[in-house]
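In: Below is the structure, and that's it, no one-letter string:
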């Protein structure tokens, strides 16, 4: 292969060629070790090494380091190169130090002294090398050592232009590390006046520095506005021949223009200085005029540079939001880009028009482009451009075009990319509510949303339609009729069933006069969906059924049959079982008057801010226009039978679907993005110490999947989980209970059975805003049966004080149970077969309190195994069966729990086909009753 040049260093070139010619990793390592031994011997044994040889060997060490190998010597030789007067040797020394020297190294004092010597040099090349090294290291030590010298170097009249450029950029690097490095007072004016420097390179570097300083202290550096406008005016009015050294493809100083326009966006329009404001307007007008001129070159670099300046000018116009003519002209210019063949230009035009749509001066101008934006949403090949078109339609919507835009978005939703459907659903729901003049239209829109994209309709959306219907009498009959018709479709999304169940339970009587929607027909239609629904929806439907009993006594017998069904009255889910039994007794025992009182129509919800807009802003921060009115209406926090269920302690996955576990007198937070309780027992949790919370929660989560995992005065961590065979999904909800943000939130998992249990944690936002709640998802895969429960430590900073929480995750072996139905004969046959010593585990323990058979039954129902009734000869005994699913195998497991009321003792026996499973299940259940 051809030889590699090494700046005259033949030995380095040969070494690089040897490395490239190695056929294997082992050969490369062998060659590197040989070279390292040679370099080490030269540095130790040869005291007569000249600068060239030191440079060559230091270069080799640098190359070896870049290949990924550790270098633990040669640092002193690199420092010695700094004292050389030859540029190539000094350059290699600085390069080695920038890359390999640790800021805590003992050599740092020697390095700082060498850098000081070079900063005082009359050779600008040596000064620049020193400044570049300072910037590359960029440590606090460097900031302290050179905090006074570099500003002097920057503003000194004797400093050469090329050194001023490097000094400005070096100072910017140190300022980002240590903001206090820049002195105030007279230095402020001297730094600002660098914008008047005749050298364009100095101005470009100084503008970057001033922009950073302005963001830190805008008032102190306000004087830069006049100078920035003056410099910008000179650039945009200049011909490309006037600034030949800084003209890029016929565009004068595009980078400096962009930086100056960005600098001006840190301030409001200079209203107190009419001359400056007029000059700025002239600059912006000139930029627009040049954008309309025929291109001076067909090369893409020319158009890119010209458009970069144009878009930054438009950003400044949007920021100022005070010149109607400029805003409209910007809108027209962007409208031309919507038909450009360049995808990036179309994207940027749509993005900028989103901001223009929020201005009262340019909103109407943006609306003129509605048709082409709708075409962009439908026809664009790039999904990011389609997303931006949706954002623009949302921003330009008002009362005059709301129905058209909503209908177009609904039509597109059927074929929209999955990645943007959820956001589109939220936006359609917000627009439909905000601009609804007739709420029958709003109901139609939301039901269409559920029909088209039911999987992407969040709880907030269907809660919202219920709020609107309950609070507005004029729409109730129409909503009942419409949802009844929607439920007649052969395939019906579960969210439609939820809305239908709620509305018909409240207002089914308004359409019962029609024989096509008689009470019997309403009930049978709802119940035909029952077996297809999740536990949460079934719980809501049971509440609807008892409501229908109150409205239509003639269907009481049919409803009672449903309550009596084994799938409800003896359901494995405690919530369904409790509702069925309580509703059944209520329908039998209560008189008509009592029933009417308990199940009276829901009152209007109190006015409060909608949660849908908060959800949208959280999903896309910074992309939602601030002027969107947050419509007020309540979040339904109670089901139709909230009065009846207000004291229930719910443990199942249906808990608190609509606030069912909210006790009387407690209210959900009323802030727009407050800690809305999505957990079953959040209202009843108390402030307790971390160790107590940790211990108690681990016990209670054996029998439930949802609840509060940890809580103190700062933070609340809730959990919702679901499991299927050997896979699980866990949602953690972090809630900030304080009035200040919690920063640097960093959760970390720890467990030892890595080969038995695989847990993956998705990243989360590091900042938890005041009163906010964020979610983090974990996935779990059970590979083999395990005993070590994963721990999670959550570190964060509150009020500048580091905090750390450690807790156990509710991820125990029983979560991977599949309940198994068995009759008495098969159970005892299997029980007998599993009678070996290694298949059986048994414990006898004292009851923690008076033996409560009902409470014991409730706990076992939530443990994951199937409770088998009528099998054990002793009716007080409990027997269960289930299968533990792991990736490697399935383990059948039987359980028998025998309470002794007289002795207040329990005997627990577990039998399974694997000894370790029997022991672990026995250990989990012991002392839990």
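Out: Arrived safely. Keep in mind that what you see is a predicted model, and the values were worked out from it rather than measured.
In: residues of stretch 718-736 that come out buried?
Out: Going by neighbour count (16 or more other CB atoms under 10 Å), the buried part of stretch 718-736 is 718-721, 723, 725-726, 728, 730, 732-736. C-beta here means a position set from N, CA and C on the backbone, and glycine is covered the same way.
In: actually stretch 112-130, not the one I typed
Out: Neighbour-count burial for stretch 112-130 [16+ other CB under 10 Å]: 112, 114, 115, 118, 119, 126, 127, 128, 129, 130.
In: possible to save the residues you listed as JSON lines with pLDDT?
Out: Below are the buried residues of stretch 112-130 laid out as JSON lines (pLDDT from 0 to 100):
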{"residue": "112", "pLDDT": "87"}
{"residue": "114", "pLDDT": "89"}
{"residue": "115", "pLDDT": "90"}
{"residue": "118", "pLDDT": "90"}
{"residue": "119", "pLDDT": "90"}
{"residue": "126", "pLDDT": "92"}
{"residue": "127", "pLDDT": "92"}
{"residue": "128", "pLDDT": "92"}
{"residue": "129", "pLDDT": "92"}
{"residue": "130", "pLDDT": "92"}
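In: Of those residues, which pair is most distant in space?
Out: 112 and 128 (17.3 Å; CB to CB).
In: out of the buried residues of stretch 718-736, who's nearest residue 876?
Out: Closest to residue 876, out of all of the buried residues of stretch 718-736 and judged by CB to CB, is residue 723, at 29.9 Å.
In: still on that earlier bit, closest to residue 274 among the buried residues of stretch 718-736?
Out: residue 736 (46.7 Å).
In: ok, now which ones touch that closest one?
Out: 675, 714, 715, 742, 768, 769, 770, 771, 772, 773 (CB atoms under 8 Å, 6 or more residues apart in numbering).
In: and what of residue 897?
Out: Going by CB under 8 Å, 6+ apart, residue 897 touches 856, 860, 877, 878, 879, 880, 906, 907, 908, 909, 925, 929.
In: cool, residue 891 as well?
Out: 785, 883, 884, 912, 913, 914, 917.
In: go with 10 Å
Out: Neighbour list for residue 891: 784-785, 813, 816-817, 882-885, 912-914, 916-918, 921 [criterion: CB atoms under 10 Å, 6 or more residues apart in numbering].
In: Select only the buried ones of those in PyMOL?
Out: Listed next is the PyMOL selection for buried residues among the contacts of residue 891, using 16+ other CB under 10 Å:
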select buried, resi 784+785+813+816+817+882+883+884+885+912+913+914+916+917+918+921
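In: In the contacts of residue 891, find the pair that's most separated.
Out: So, the contacts of residue 891 by CB to CB: farthest apart are 784 and 882, at 17.1 Å.
In: Beyond the helix or strand containing residue 364, next helix or strand please.
Out: If you go by DSSP states H and E, residue 364 is part of helix 363-367. Scanning forward in sequence from helix 363-367 by DSSP H and E, the next helix or strand is helix 370-379.
In: What is that following helix packed up against?
Out: With contacts defined as 3 or more CB pairs under 10 Å, 6 or more residues apart in numbering; DSSP states H and E, helix 370-379 has these neighbours: helix 343-356, helix 383-396, helix 402-413.
In: want to try a markdown table for those, with distance to residue 269 as columns?
Out: Below are the helices and strands packed on helix 370-379 laid out as a markdown table (distance: least, CB to CB, whole Å):
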| stretch | distance to residue 269 |
| --- | --- |
| helix 343-356 | 16 |
| helix 383-396 | 23 |
| helix 402-413 | 32 |
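In: Including distance to residue 192, mean pLDDT and mean neighbour count, could the ones you listed go into a markdown table?
Out: Shown next, in a markdown table, are the helices and strands packed on helix 370-379 (distance: least, CB to CB, whole Å; pLDDT from 0 to 100; neighbours: other CB atoms under 10 Å):
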| stretch | distance to residue 192 | mean pLDDT | mean neighbour count |
| --- | --- | --- | --- |
| helix 343-356 | 29 | 93 | 21 |
| helix 383-396 | 37 | 93 | 23 |
| helix 402-413 | 47 | 92 | 19 |
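In: Now do the helices in the stretch 101-250 of the chain.
Out: With DSSP state H, counting those that start in this stretch, the ranges of helices along the stretch 101-250 of the chain come out as 108-119, 124-137, 140-146, 149-155, 161-177, 186-192, 200-216, 224-236.
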